[in-house]
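A.B. asks: return atomic coordinates for the entry below.
(one chain, ligands or ions: 2)
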Amino acid sequence: MVLYQLLRRHPEVAGINLYDHKLTENEKLSQMVSAFYTDDTQVQPYDPKTIMVDNQMVFFATSAGVTAQLSQPYIQAGFPVIDLSGDLRLEDASEYQRWYHKPAAPQLAMRQAHYGLADFESAVHQTYVANPGCYATATLLGLAPLVQNDLIDPGSIIVDAKSGTSGAGKNPAQATHFTQANDNLQIYKPNQHQHIPEIMLELQRWNDDVAAIQFMTTLLPITRGIMSTIYAKVKPGVGGAQIDQAYATTYGNKPFVHYIGEHLPDIKQVVGTNNCDIGVVYNPVTQMMVVDSVIDNLLKGAAGQAVQNFNQMFDYEETSGLNLQTFLP
Ligand SMILES: NC(=O)C1=CN([C@@H]2O[C@H](COP(=O)(O)OP(=O)(O)OC[C@H]3O[C@@H](n4cnc5c(N)ncnc54)[C@H](OP(=O)(O)O)[C@@H]3O)[C@@H](O)[C@H]2O)C=CC1
Ligand SMILES: CC(=O)N[C@@H](CCC(=O)OP(=O)(O)O)C(=O)O
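C.D. replies: Ligands and ions are numbered 1, 2, ... in the order given. Below is the predicted model:
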């Protein structure tokens, strides 16, 4: 829904076709999703041949395990795909099975896909883009200047990441039931979160001294937003000014990542936007860094970053269709 809303207003998008795997014949979007009650678009049954004839590219916003099964015809035909799921973010089929507990895509498909962390890995000239996970996006953007510039002890990274309930998707579950989620905080998937391996792959592309991270996830009683709070020990001789300089230089020219120094951002300031706001505090007593990285999980963490990748893929202005405003108050 969020991706469709963005694409409807995208200046370069002339038309959008919607497909649903459960349909056997066309159905009006207005009858399927009440929020689109004035939208006469016909949702069509899923069919890869029709999709490749009627469109110039396809986005998949499907549950884990789906594109692992459905990706082949597109890859074989060289037809452009942006996949919002985790199915092609990893390089190794056995790693996927270990973390997602589902059958993996063919190994070749996993190797061919481009990991689309859009602010660092441009999707220009790519045909199959694996859009990063929401926690992975907030965490990697928070860590990039430290890891790329070798400023921290690579064995000391601790990530305490928190998400609103929309991250859990549309199907109700016990943890996201109102009476359980409201007025509550719930740690989940300790040391088992499926975003750990994609974070590790990217960190090691930047700096192969990073062997592991401590990563925890907590469900917040809010609808949208992620805060990734990151702790790490700085290397001997590295001070606050050097850290500040690394963030300012890395993000100075990136339209969606805002480094705001010691002013630690809150979640609400990015909800509704494709921004990642990052604040950093250094404690000279403990030589520990605290990084606070916030995103809207449905935008920068999913649909917004997918549109950013789409813009790179087709050589459109990077910010096209993404001039969004924070939801206030
Ligand atoms: N929510 C978030 O914060 C984030 C989401 N993502 C990714 O974004 C995408 C959308 O997320 P979200 O809306 O939360 O996910 P949901 O779980 O709410 O929706 C998943 C969709 O996949 C469809 N689907 C399930 N099985 C199949 C199948 N076999 N063939 C085709 N379609 C299928 C479902 O349709 P039906 O219900 O009719 O079966 C449903 O519409 C996913 O790829 C997710 O991994 C990424 C980062 C963050
Ligand atoms: C709150 C919540 O449950 N968040 C989800 C976010 C992951 C997601 O959306 O899916 P991908 O793995 O495709 O990125 C989770 O922690 O599993």
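A.B. asks: drop to CA atoms for contacts and neighbour counts, all remaining ones
C.D. replies: OK.
A.B. asks: quick one: list the elements packing against the biggest helix by length in the chain.
C.D. replies: Of all the segments of type helix in the chain, defined by DSSP state H, the longest one is helix 134-148. Here helix 134-148 touches strand 158-163, helix 196-206, strand 226-233, helix 240-251, strand 276-283, strand 288-295, going by 3 or more C-alpha pairs under 8 Å, 6 or more residues apart in numbering; DSSP states H and E.
A.B. asks: for D20, list the residues it contacts.
C.D. replies: Going by C-alpha atoms under 8 Å, 6 or more residues apart in numbering, D20 touches 43-46.
A.B. asks: ok so, going back, contacts for the longest helix of the chain?
C.D. replies: 117, 152, 154, 159, 161, 163, 167, 195-196, 198-199, 202-203, 206-207, 226-228, 230, 243, 246-247, 250, 257, 276, 278, 291-295, 297-298, 300-302.
A.B. asks: can you narrow these to ones near ligand 2?
C.D. replies: Restricting the contacts of helix 134-148 to those near ligand 2 by C-alpha under 6 Å from any ligand atom leaves 163, 167.
A.B. asks: give the helix, strand or coil label for K254.
C.D. replies: Classification of K254 by DSSP: H, G, I helix; E, B strand; the rest coil places it in coil.
A.B. asks: please report phi then psi for it.
C.D. replies: Dihedral angles of K254 (phi, psi; degrees, to the nearest 10) stand at phi -100, psi 120.
A.B. asks: what are the ranges of the helices in the protein?
C.D. replies: Using DSSP H, helices in the chain cover 2-8, 29-32, 48-54, 66-70, 72-77, 93-100, 107-112, 134-148, 178-181, 196-206, 240-251, 304-313.
A.B. asks: want to throw these into TSV with mean neighbour count, mean pLDDT and distance to ligand 1?
C.D. replies: Output for the helices of the chain, formatted as TSV (neighbours: other C-alpha atoms under 10 Å; pLDDT from 0 to 100; distance: least, C-alpha to the nearest ligand atom, whole Å):
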stretch	mean neighbour count	mean pLDDT	distance to ligand 1
helix 2-8	15	98	8
helix 29-32	16	96	10
helix 48-54	13	98	11
helix 66-70	17	95	5
helix 72-77	14	94	14
helix 93-100	17	98	11
helix 107-112	17	92	16
helix 134-148	23	98	4
helix 178-181	14	98	16
helix 196-206	19	98	12
helix 240-251	16	97	22
helix 304-313	25	98	9
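A.B. asks: need those helices in a markdown table (columns: distance to F215).
C.D. replies: Putting the helices of the chain into a markdown table (distance: least, C-alpha to C-alpha, whole Å) gives the following:
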| stretch | distance to F215 |
| --- | --- |
| helix 2-8 | 28 |
| helix 29-32 | 38 |
| helix 48-54 | 37 |
| helix 66-70 | 25 |
| helix 72-77 | 32 |
| helix 93-100 | 14 |
| helix 107-112 | 24 |
| helix 134-148 | 10 |
| helix 178-181 | 21 |
| helix 196-206 | 7 |
| helix 240-251 | 22 |
| helix 304-313 | 22 |
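A.B. asks: of all these, which lies closest to L219?
C.D. replies: Closest approach to L219 among the helices of the chain (C-alpha to C-alpha): helix 178-181, 7.6 Å.
A.B. asks: chain center to stretch 99-108: distance?
C.D. replies: Distance of stretch 99-108 from the chain centroid (C-alpha atoms, centre = their mean, to the nearest Å) equals 19 Å.
A.B. asks: same question, stretch 263-282
C.D. replies: 15 Å.
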